[in-house]
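> pasting the sequence and the predicted model now:
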Amino acid sequence: MPIETPHRRSDFPGIHRQEGPFAFRLLRIPEDIPMLHDWFTRDYARFWLMQDKGEDEIRQIYQDLMSSGQATAYIGLYVGQPAFLIECYDPRYDRVAQHYPVKPGDLGMHLFMGPAKERIAGFTLAAFKALMRFMFVHLDAQRIVVEPDVDNHKIHALNQAVGFTCHRTVVFAEKLAGLAFCTRSDFENATQTLLEEALS
């Protein structure tokens, strides 16, 4: 793993805190694996494509990801408890690079929301905004790239709410994906947030 990559900062502390109830830390293997297995095998997890994976398979997948030098997985915390998983990846080394010209500062992102322990209005959107601030401010992303399944309408609505613009539909082996981008100014305009002030 390089000391500094677009998806993992060398100065990343044990826990990166933000304003409010959200914080971020690196995925911990093997401690987090039973939790991920529980999350990924739920009925709503079909778009993550790991419902048939056992704990050993999930552990290997994330060991490979964390040591690849091309991606990093984080756990999003809400009031100190794991609430969602994020994969941040360098699009230059991902299949998505076959479908658009990658620019310096581009950072890919996958998000999986854990099961809700209680219903909180607007929770997923608030978590998504915290994640975007983390990637823009801490990881210094200039543009965030996503490619969700075109049938995942919930994630498309979230993407639009934080400023993503769909570029086009691309074909992957397991899905049709909506390739979308969000720059720092797109995020600020969509959420009326000044990124530099978000963590002050």
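Looks like it arrived, so ask away. If you're wondering where the values come from, they're calculated on a predicted model, not measured in any experiment. Numbering: from 1, shown residues only.
> make it CA atoms for all contacts and neighbour counts henceforth
OK.
> is it true that Met135 touches Arg143?
No - if you go by CA atoms under 8 Å, Met135 and Arg143 don't touch, sitting 9.3 Å apart.
> for the protein, which segments are assigned as helices?
Along the chain, counting by DSSP state H, helices occupy 33-40, 55-67, 123-133, 153-161, 184-191, 195-198.
> what's the angle from the first one to helix 55-67?
Meaning helix 33-40. Orientation of helix 33-40 against helix 55-67 (axes from the mean of the first three to the mean of the last three CA atoms, to 10 degrees) gives an angle of 100 degrees.
> packing partners for helix 33-40?
helix 55-67 (3 or more CA pairs under 8 Å, 6 or more residues apart in numbering; DSSP states H and E).
> chain center to the helix it packs on: distance?
Relative to the chain's own centre, helix 55-67 is displaced by 17 Å; criterion: CA atoms, centre = their mean, to the nearest Å.
> and it, what's buried?
Judged by neighbour count (16 or more other CA atoms under 10 Å), helix 55-67 contains these buried residues: 58-59, 62-63, 65-66.
> what is the mean pLDDT for that helix?
Here helix 55-67 scores 97 as its mean pLDDT.
> now for that helix, which elements pack on it?
In terms of contacts (3+ CA pairs under 8 Å, 6+ apart), helix 55-67 is packed against helix 33-40, strand 71-78.
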